[in-house]
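A.B. asks: Based on what follows, work out the 3D shape:
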Amino acid sequence: MTGNNGAIARKLKRLLIESSPLIEEYTGEICPGCADVCCRQKHGRYSEKDLSYLRALGEAAPLRDAARPLEGGCEMMGPGGCRGPRWLRPFKCTWYFCAPLLKALDEGPPRKARQLSAMLQEMADLYQELP
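C.D. replies: Okay, the predicted model is just below:
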């Protein structure tokens, strides 16, 4: 990995850490009542770009439990929600906003929604720069 990829990955990690409390504030209200938490099935796998990000940080993706069936959903999902820090999760976990979550953002304080939107945009731009 080039130094530039490492710098991008470090900045992305910082933004993920900084945005996590705000994202968790919304998901903490919406996700516990959901019968089908999206990341259980759809968004819990690492993409090649996710792996590039982790390599640039000198990290490895959490090891997959070979006994767990692939259709069992996300490796990080436990009974109380996600066990992993946001910066280490597959990016789809951060980027997916279901209809109830979007509604909560729309109906919540505009300042928080703008702040989160700006952070997500910056993260998306950085993520696209990774190989």
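A.B. asks: Do I have it right that residue 15 meets residue 126?
C.D. replies: Yes. At 7.3 Å, residue 15 counts as touching residue 126 under the criterion of Cβ atoms under 8 Å. For the C-beta atoms, the positions are set from N, CA and C on the backbone; glycine is no exception.
A.B. asks: so where does the residue nearest the centre of the chain fall, helix or strand?
C.D. replies: Centroid-nearest residue in the chain: residue 94, 2.8 Å away (criterion: Cα atoms, centre = their mean). Element membership for residue 94 (DSSP states H and E) is helix 91-95.
A.B. asks: Show me what that helix is packed against.
C.D. replies: Counting contacts by 3 or more Cβ pairs under 8 Å, 6 or more residues apart in numbering; DSSP states H and E, helix 91-95 packs against helix 3-30, helix 48-56, helix 110-129.
A.B. asks: Same question for that helix: list its buried residues.
C.D. replies: 91, 92, 93, 94 (16 or more other Cβ atoms under 10 Å).
A.B. asks: three-state assignment of the nearest residue to the second one once chain neighbours are set aside?
C.D. replies: Read that as residue 92. Excluding the flanking residues, the one nearest residue 92 by Cβ to Cβ, 6 or more residues apart in numbering is residue 43, at 3.7 Å. Following DSSP: H, G, I helix; E, B strand; the rest coil, residue 43 is assigned to coil.
A.B. asks: tell me the contacts of residue 43?
C.D. replies: 74, 90, 92, 93, 96 (Cβ atoms under 8 Å, 6 or more residues apart in numbering).
A.B. asks: Where in this protein is the helix or strand with the lowest mean pLDDT?
C.D. replies: Of all helical and strand segments in the chain, the minimum by mean pLDDT, DSSP states H and E falls on helix 38-41, at a mean of 59.
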